[in-house]
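**Q** Let's see this in three dimensions:
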Amino acid sequence: MFREMRRTRQALPPEEISAVLERGTSGVLALAGDDGYPYAVPISYVYDGERIYFHSARAGHKLDAVRREPKASFCVIDQDQIVPAEYTTYFRSVIAFGRIRVLEDEGEKRAAIEKLAVKYAPEDSPENRRQAIDREWKPLCMLEMTIDHLSGKEAIELVRKRP
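**A** Numbering: from 1, shown residues only. Sure thing, here's the model as predicted:
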């Protein structure tokens with residue numbers, strides 16, 4: 001169902017794909033937008049080893065697109081070092097393909113926003129985190145991406161540097 005990577009030597013191993021998703025701070029979520037146009041939006045996220053979670057307003061282009069077509073892709077760029085002398089970049093990135101759903105259950109929604117809050121404010125106390133979440137709870141929407149396929153790739157120059 002998903003295409004095989006042409007340059008298989010450059011494919012990231014599963015543990016490195018997970019590491020990229022865990023250390024990344026933002027990515028680009030690609031959806032089927034209005035009138036057949038692709039809609040790609042930069043967004044913060046959290047990956048829990050199985051699923052990817054995003055926060056959203058309760059209305060807007062992103063939610064309209066998700067409700068119309070839940071299939072999506074999400075790309076995280078881990079490295080993009082420009083090397084002018086070689087007319088290239090030393091890149092590393094991951095793409096996730098999956099299906100997105102709006103979390104309607106209050107418990108699932110709370111668990112997802114907690115994961116996101118811990119990722120972006122790891123030093124904050126549980127009490128401060130709870131207060132911040134409670135303040136923003138009413139307009140908050142959480143999205144969950146169930147992953148159907150993951151792939152990662154890096155520049156051949158980075159492959160050659162691996163032990």
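
**Q** Give me the packing partners of the helix or strand residue 152 falls within, helices and strands only.
**A** In the assignment (DSSP states H and E), residue 152 maps to strand 140-154. Secondary-structure packing of strand 140-154 (3 or more CB pairs under 8 Å, 6 or more residues apart in numbering; DSSP states H and E): helix 14-23, strand 51-57, strand 71-83, strand 88-102, helix 106-120. Glycine gets a C-beta too; all of them are placed from N, C-alpha and C.

**Q** Determine the next helix or strand in the C-terminal direction from it.
**A** Heading C-terminal from strand 140-154 (DSSP H and E), you reach helix 156-161.

**Q** Now that next one: buried residues?
**A** For helix 156-161, burial by neighbour count (16 or more other CB atoms under 10 Å) applies to residue 158.

**Q** Which elements pack onto that helix?
**A** strand 88-102.

**Q** Run a quick neighbour tally on the closest residue to residue 39 other than its chain neighbours.
**A** Nearest residue to residue 39 in three dimensions, chain neighbours excluded: residue 33, at 2.9 Å (CB to CB, 6 or more residues apart in numbering). Residue 33 has 17 neighbours, counted by other CB atoms under 10 Å.

**Q** list the contacts for residue 154?
**A** Counting by CB atoms under 8 Å, 6 or more residues apart in numbering, residue 154 touches 10, 12, 79, 90, 91, 92, 93.

**Q** who does it bridge with?
**A** residue 92 (DSSP bridges).

**Q** Roughly how far does it sit from residue 109?
**A** As for residue 154, its distance to residue 109 is 35 Å (criterion: CB to CB, to the nearest Å).

**Q** what number of residues lie near residue 82?
**A** Neighbours around residue 82, by other CB under 10 Å: 10.

**Q** Excluding chain neighbours, give the residue nearest to it in space.
**A** Nearest residue to residue 82 in three dimensions, chain neighbours excluded: residue 89, at 5.3 Å (CB to CB, 6+ apart).

**Q** what does residue 96 give?
**A** Per CB to CB, 6+ apart, closest to residue 96 is residue 74, 4.6 Å.

**Q** Verify the stated contact: the one you found with residue 145.
**A** Yes - here residue 74 reaches residue 145: they are 6.4 Å apart, a contact under CB atoms under 8 Å.

**Q** in the protein, what residue sits furthest out from the centroid?
**A** For the chain, the residue at maximal distance from the C-alpha centroid (CA atoms, centre = their mean) is residue 85, at 31.8 Å.

**Q** Give me the pLDDT value at that one.
**A** For residue 85, the pLDDT comes out at 93.
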